[in-house]
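[1] got a structure for you, letters missing:
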């Protein structure tokens, strides 16, 4: 019984210092190409800001991926091998996904947005397929959905929301 309580305690301590998870679900027949960004959204300038450097990050039709933060994101499929870390206006570095620098940054940031586009299975981007979702700039309202309109006739609908401390990006046919 003590082992169970100790395990629960250790897991809760680590969860307090870990970045939240982002889950990407592609329910469409298209490849979804992602560019993920995280930031500290509690201050006026969003620093630190962290973005994946090996863009694009593709998720195939009917595929899914979860990233439990930046650290060791190269172990997922598709991998994110490195991150651009911007601590201030003129202060940015590229860190490999295995860099211990990413661990404390994961506790002070959260997933902010995804710049994405959609392409057919042959790799050709669809018309009107690019968009951004989430918080596009610091201290602005969250864009929760991207849906087809007469002026932007998307072949899909996309949704961004947070539930249970995890961020979800879902794309599906319209």
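    Cool, the structure landed. It should be emphasised that the depicted structure is a prediction, and the values quoted were computed from it without experimental measurement. Residues are numbered from 1 along each chain as shown.
[2] use CA for all of it now, contacts and neighbours both
    OK.
[3] Tell me, how many residues neighbour the residue lying closest to residue 83 once chain neighbours are set aside?
    Leaving aside its sequence neighbours, residue 83 sits nearest to residue 52 (C-alpha to C-alpha, 6 or more residues apart in numbering; 4.5 Å). Counted by other C-alpha atoms under 10 Å, the residues lying close to residue 52 total 25.
[4] cool, and residue 23?
    Neighbours of residue 23 (other C-alpha under 10 Å): 17.
[5] ok, now the one 5 residues further on?
    Burial measure for residue 28: 20 neighbouring residues, criterion other C-alpha under 10 Å.
[6] Give the closest residue to it in space, chain neighbours not counted.
    In space, residue 28 comes closest to residue 172 once its chain neighbours are excluded; the distance is 4.7 Å by C-alpha to C-alpha, 6+ apart.
[7] Equivalent analysis for residue 159, please.
    Of all residues not flanking residue 159 in the chain, residue 145 sits nearest, at 4.4 Å (C-alpha to C-alpha, 6+ apart).
[8] Also residue 171?
    Here the residue nearest residue 171, using C-alpha to C-alpha, 6+ apart, is residue 158, at 4.3 Å.
[9] Okay, the residue minimising distance to the centre of the chain and residue 159: tell me how far apart.
    Nearest to the geometric centre of the chain sits residue 36, at 4.1 Å (C-alpha atoms, centre = their mean). Per C-alpha to C-alpha, to the nearest Å, residue 36 is found 15 Å from residue 159.
[10] and what of residue 49?
    Residue 49 is 22 Å from residue 159, by C-alpha to C-alpha.
[11] okay, these two: which has more neighbours?
    Using other C-alpha under 10 Å, the more surrounded residue of residue 49 and residue 159 is residue 49, with 23 against 17.
[12] Look up how far residue 68 lies from that one.
    For residue 49, the distance to residue 68 - C-alpha to C-alpha - is 17 Å.
[13] what do you get for residue 141?
    24 Å.
[14] These two: which is more packed in?
    Set side by side, residue 141 and residue 68 show more neighbours around residue 68, with 16 against 10, by other C-alpha under 10 Å.
[15] residues in contact with residue 48?
    By C-alpha atoms under 8 Å, 6 or more residues apart in numbering, the contact set of residue 48 is 39, 40, 85, 86, 87, 88, 105, 109.
[16] Of the residues you listed - the most surrounded one?
    Busiest of the contacts of residue 48 [other C-alpha under 10 Å] is residue 39, holding 27 neighbours.
[17] Beta-bridge partners for the nearest residue to that residue once chain neighbours are set aside, please?
    Leaving aside its sequence neighbours, residue 39 sits nearest to residue 49 (C-alpha to C-alpha, 6+ apart; 4.2 Å). Per DSSP bridges, the residues bridged to residue 49 are residue 39, residue 86.
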